[in-house]
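Chemist: only the shape, not the letters, is given here:
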């Protein structure tokens, strides 16, 4: 009976210790950072090139680009992105736990330079005229179609532009919305002939616009208007980014490493 009691006592002690160890280990495991190699995700190495002819790439420009990229990554909800400068003209971006890598790529690399132009490609409004966080995804009040609304800094700007448009010939009365218009390459006249033009929309002004809000309409999905609004609010990049290298890391590799970290933590407590 004494021997049997000792065996029961031994197993009770083991059970209590196992409970204490598991609680402690899970606490330690929670503190382990789940980076790119643990959560899975991807990394991209970019070549940084001047946005305009005559511009130069220096450390200030690189730091400004890194700052802009961090702002864009916030849109993706990545908790601990790693964005760093490498050499004189390269930036490496590592994003852990990102499910939609294609959307992340588009968000990172697009210059997001918004312009509203006339049919002769003259700039009427550019990104600097947009109020901070002034882009929003919404729905057209009449058709309920997804749209993007833009709030400008100066309420008089759209009013004057709309008056000028109404005074023009009907064929010239268009506000053409562009994202990343390339000077000397893009043109409304050429894109208007295509089934899928590069510009976002071309709206006819039917009345004076009294406020400081403009609207981008088109064949958009809700997801596309949300993405566009987020990109515009994140701001334009001061450079062009050319992808040199990319690498995806699967979560399966991360799971193996996480198990190894768990076993190391467990062995340290025993």
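Modeler: Okay, I see it. Keep in mind the model is a prediction, meaning the values are calculated, not measured.

Chemist: show me where the chain has its strands.
Modeler: Along the chain, counting by DSSP state E, strands occupy 41-50, 82-86, 90-96, 114-117, 123-126, 130-139, 146-152, 175-179, 201-203, 213-216, 239-249.

Chemist: for residue 189, find the nearest of those.
Modeler: strand 175-179 (10.5 Å; C-beta to C-beta). Bear in mind the C-beta positions are built from the backbone N, C-alpha and C, glycine included.

Chemist: so can I have CSV of the strands of the chain showing mean pLDDT?
Modeler: Shown next, in CSV, are these (pLDDT from 0 to 100):
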stretch, mean pLDDT
strand 41-50, 89
strand 82-86, 93
strand 90-96, 90
strand 114-117, 89
strand 123-126, 90
strand 130-139, 87
strand 146-152, 89
strand 175-179, 89
strand 201-203, 87
strand 213-216, 84
strand 239-249, 85
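
Chemist: name the residues that touch stretch 149-168?
Modeler: Residues from elsewhere that reach stretch 149-168, judged by C-beta atoms under 8 Å, 6 or more residues apart in numbering: 114, 116, 118, 124-125, 129-131, 134-138, 172-175, 205, 207-216, 232.

Chemist: ditto for stretch 219-235
Modeler: Taking C-beta under 8 Å, 6+ apart as the rule, stretch 219-235 contacts 68, 71-72, 74-75, 103, 106-107, 110, 112, 114, 127, 130, 132-138, 145-148, 150, 179, 200, 216.

Chemist: now, of these, which are buried?
Modeler: Applying a neighbour-count criterion of 16 or more other C-beta atoms under 10 Å, the buried members of the contacts of stretch 219-235 are 68, 72, 75, 107, 110, 112, 114, 127, 130, 134-137, 146-148, 150, 179, 200, 216.

Chemist: give me the low-pLDDT residue ranges for the stretch 1-150 of the chain?
Modeler: Filtered on pLDDT under 70, the stretch 1-150 of the chain yields the residue ranges 1-40.

Chemist: residue 62: which of the strands of the chain is closest?
Modeler: Going by C-beta to C-beta, the one of those nearest residue 62 is strand 82-86, 4.9 Å.

Chemist: adjacent strands (with direction) for the closest one?
Modeler: Pairing partners of strand 82-86, with direction, according to DSSP bridges: strand 90-96 (antiparallel).

Chemist: now the partner strand: how far from the chain's centre is it?
Modeler: The chain centre lies 13 Å from the centre of strand 90-96; the measure is C-alpha atoms, centre = their mean, to the nearest Å.

Chemist: so the closest residue to residue 200 other than its chain neighbours versus residue 204, what's the distance?
Modeler: Using C-beta to C-beta, 6 or more residues apart in numbering and skipping residues adjacent in sequence, the residue nearest residue 200 is residue 177, 4.2 Å away. Distance of residue 177 to residue 204, computed by C-beta to C-beta, to the nearest Å: 13 Å.

Chemist: among the two, which residue is more densely surrounded?
Modeler: Neighbour count, other C-beta atoms under 10 Å: between residue 177 and residue 204, residue 177 has more, with 24 against 10.

Chemist: count of neighbours near residue 158?
Modeler: Residue 158: 25 surrounding residues under other C-beta under 10 Å.

Chemist: my bad, should have said residue 92
Modeler: Residues within reach of residue 92, counting by other C-beta under 10 Å, total 16.

Chemist: and if you look at residue 102?
Modeler: 7.

Chemist: again, but for residue 231
Modeler: Residues near residue 231, counting by other C-beta under 10 Å, number 21.

Chemist: before we move on, what about residue 105?
Modeler: Using other C-beta under 10 Å, residue 105 has 17 neighbouring residues.

Chemist: any idea how far the closest residue in space to it that isn't next to it in sequence lies from residue 91?
Modeler: In this structure, residue 105 finds its nearest non-sequential neighbour in residue 44, 7.2 Å apart by C-beta to C-beta, 6+ apart. Plainly put, residue 44 is 9 Å away from residue 91 if you go by C-beta to C-beta.

Chemist: and what of residue 207?
Modeler: For residue 207 relative to residue 91 (C-beta to C-beta), the value is 46 Å.
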